[in-house]
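K.L.:
Predicted model and sequence follow; I will ask about them next.
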Amino acid sequence: MAGIPPALKNPEIKYTKIFINNEWVDSKDGSTFETCNPSTEEKNADVAEGKAADIDAAVQAAKAAFKPGSAWRKMDASDRGRLLYKMADLMERDAQYLASLECLDSGRLYAHALLGDIPACIKVFRYFAGWADKYHGKTIPFDGDYFCYTKHEPVGVCGAIIPWNVPIAMFTWKTAACLSMGNVLVLKPAENTPLTALYLASLMKEAGFPPGVLNVVPGYGKTAGHALSHHMEVDKIAFTGSGMTGRLIQKASADSNLKRVSLELGGKSPNIVFSDADVDEAVSLANTAVFTHNGQICCAGTRTFVQEDIYDEFVRKSVEKAKSLPSGDPSEITTVHGPLISKIQEDRVLGLLKSGVEEGAKVMCGGKKMEGKNGFYIEPTVFTDLRDDMRVSKEEIFGPVQQIYKFKDVDEVIERANNTRYGLAAAVITKDIDKVMAITNALQSGIVWVNCYFPLSPGAAFGGFKESGIGRDMSEYALSQYTEVKTVIMKIPGSGAKI
Ligand code: NAD
């Protein structure tokens, strides 16, 4: 990684207010909340705390921007695309600053944000910029003397509620498809990580999006998130976060105006290693699948299934690898293992580690908070001697914890891999094409990686089977979630068709 610009030390925090109508405003009742740097526990900023009244103001601004005849509604689709291209260019310009701010705000490794997340998000904006004038309807062979066609129209006022784990990526996934289809949006970032969303909002304004098209209201889930998901004038809500909150969002839709709901929820993804694999490569891939961002990734490959002939060697090498991860300040380029997001998350992960031990799992390394460090650091942990019915086997840990299970054959591993409420991602590592086909066909999972883990692309759909969610982010499939189909049936003049 030689030659990459270092993280900015103490990047300036430029925006801490609510963003409505392209203006920065205080919350209506003047309240603020504090955010902190997860690697030091020091305060980052006091951020305006949006509540129901602020959400309503943002929704009214979005509604006005969506009125027929508004600048946004009159804008050519190709020009909407140009604004998204411009947004991508601005992110490219400010990549070092954005990556430094993301690191400060969320504990994300600076190097991952700079070299991974931000270039990927730039591509997502460009991908959906291209779609702005290409997602069109059809002409339909209609019985009788009629002309029939479909139009794809924006849904209207959308809401987005996003989590803290990869905030720039989540902001991008929720805004790019939505705005490319001509919708307007009110976005609520997670309370732990509002800073990059607010800065990105400033870039949207600079790119030329008209007032009210994008509004960002920081605040808590129970107040701001609740108000957004229950709002009677929000037509669609897109959510990424925990399954528990996903259920509340779905219920809020039923309790309010039946707004459209798309959900990206958690996972407990299996990563299946057959004994014909190169063990060193498989150990390395499995390590990346679990420990990237300390396991705080919804599609992390936490359940590592290893075929029995190579199991002992695989475990030994996995433990060596987990112990060797350089831990420290996430803004340093050499750091691989950074902090968890918060004390709440740290306590959650430690609680699950305790439950694993109590239920009989064996800690091969790690298993506790790192000594002598500020920040929310937990040691990279490897569990063996697991049963599939343990809490750590069933629940999403969202921490640096690898579970290694032994299996005999294809049928057994398929059944165990699918024995989960989740279905977000999965992977198989083998040189045998028959095994690849068996696994990719049988797994109930939104994504299956073969001999790789984590590659994503804007054109490839992301989302889950079962309780991992409803709908898809990214790709052409996301567009249908941000459009309504209107069918128009016209009498052909002079045809004699009955009215
Ligand atoms: P969370 O569900 O508590 O919070 C996510 C967002 O929902 C936050 O913005 C929060 O303020 C908001 N929220 C909380 N309660 C709410 C309510 N009652 N009404 C409306 N909004 C509310 O999740 P978290 O603990 O912050 O994030 C971690 C979880 O997110 C993990 O379980 C992880 O798997 C999941 N996640 C999934 C994906 C994915 O793409 N599938 C991506 C990232 C994280």
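P.N.:
Arrived safely, thanks for sending. Numbers count the residues shown, from 1 in each chain.

K.L.:
need the contact list for the nearest residue to Val392 once chain neighbours are set aside.
P.N.:
Using Cβ to Cβ, 6 or more residues apart in numbering and skipping residues adjacent in sequence, the residue nearest Val392 is Gly356, 3.9 Å away. Quick note: C-beta positions are derived from backbone N, CA and C, even for glycine. By Cβ atoms under 8 Å, 6 or more residues apart in numbering, the contact set of Gly356 is Val363, Phe383, Leu386, Met390, Arg391, Val392, Val401.

K.L.:
Out of the residues you listed, which is nearest to the ligand?
P.N.:
Val401 (13.7 Å; Cβ to the nearest ligand atom).

K.L.:
Tally up the residues packed near the closest one, please.
P.N.:
A count of nearby residues for Val401, using other Cβ atoms under 10 Å, gives 27.

K.L.:
Which residues does it form beta bridges with?
P.N.:
The partner list for Val401 in beta bridges (DSSP bridges) reads Thr381.

K.L.:
Now do the same for the residue nearest to Val392: helix, strand or coil?
P.N.:
For Gly356, the secondary structure call by DSSP: H, G, I helix; E, B strand; the rest coil comes out as helix.

K.L.:
Met370 reaches Pro380, doesn't it?
P.N.:
No. Contact criterion Cβ atoms under 8 Å: Met370 and Pro380 do not qualify, at 9.7 Å.

K.L.:
Is any residue of stretch 265-284 near the ligand?
P.N.:
Yes. Using Cβ under 6 Å from any ligand atom, stretch 265-284 comes into contact with the ligand via Leu265, Gly266.

K.L.:
Mind jotting down where the strands sit in the stretch 1-150 of the chain?
P.N.:
Per DSSP state E, counting those that start in this stretch, the stretch 1-150 of the chain carries strands over the ranges 18-20, 23-25, 32-36, 43-48, 139-140, 146-154.

K.L.:
right, and the ones you listed - which one's nearest the ligand?
P.N.:
strand 32-36 (11.3 Å).

K.L.:
packing partners for that closest one?
P.N.:
strand 43-48 (3 or more Cβ pairs under 8 Å, 6 or more residues apart in numbering; DSSP states H and E).

K.L.:
and the angle for the strand it packs on with strand 32-36?
P.N.:
160 degrees (axes from the mean of the first three to the mean of the last three Cα atoms, to 10 degrees).

K.L.:
for the record, mean pLDDT for strand 43-48?
P.N.:
Strand 43-48 carries an average pLDDT of 98.

K.L.:
Give me the buried positions along that strand.
P.N.:
For strand 43-48, the neighbour count (16 or more other Cβ atoms under 10 Å) marks Asn44, Ala45, Val47, Ala48 as buried.

K.L.:
The stretch 251-400 of the chain against the ligand: which residues are in contact?
P.N.:
Glu264, Leu265, Gly266, Cys298, Glu396, Phe398.

K.L.:
For the stretch 251-400 of the chain, which residues score under the pLDDT cut-off?
P.N.:
For the stretch 251-400 of the chain, applying pLDDT under 70 flags no range at all.

K.L.:
so where do the helices sit in it?
P.N.:
279-291, 311-323, 343-358, 391-394 (DSSP state H, counting those that start in this stretch).

K.L.:
Which among those is found nearest to Gly446?
P.N.:
helix 279-291 (15.6 Å; Cβ to Cβ).

K.L.:
about what we covered before: out of the residues of the stretch 251-400 of the chain next to the ligand, flag the one nearest to Asn419.
P.N.:
Glu396 (14.9 Å).

K.L.:
which residue packs closest to the closest one, ignoring adjacent ones?
P.N.:
With sequence-adjacent residues excluded and distances taken as Cβ to Cβ, 6+ apart, Glu396 is closest to Gly266, at 4.2 Å.

K.L.:
burial measure for Val363, as a count.
P.N.:
Neighbour count for Val363, taken as other Cβ under 10 Å: 17.

K.L.:
and if you look at Gly372?
P.N.:
Residues within reach of Gly372, counting by other Cβ under 10 Å, total 5.

K.L.:
can you pull the contacts of Gly221?
P.N.:
Counting by Cβ under 8 Å, 6+ apart, Gly221 makes contact with Ile161, Glu191, Thr245.

K.L.:
Once you drop chain neighbours, what's closest to the residue nearest the centre of the chain?
P.N.:
In the chain, the centroid-proximal residue (Cα atoms, centre = their mean) is Met170; its distance is 4.5 Å. Among residues not flanking Met170 along the chain, Ile162 sits closest, at 3.9 Å (Cβ to Cβ, 6+ apart).

K.L.:
Run a quick check on that neighbour versus Val186, I expect a contact.
P.N.:
No. The pair Ile162 / Val186 is not scored as a contact, 11.9 Å apart, by Cβ under 8 Å.
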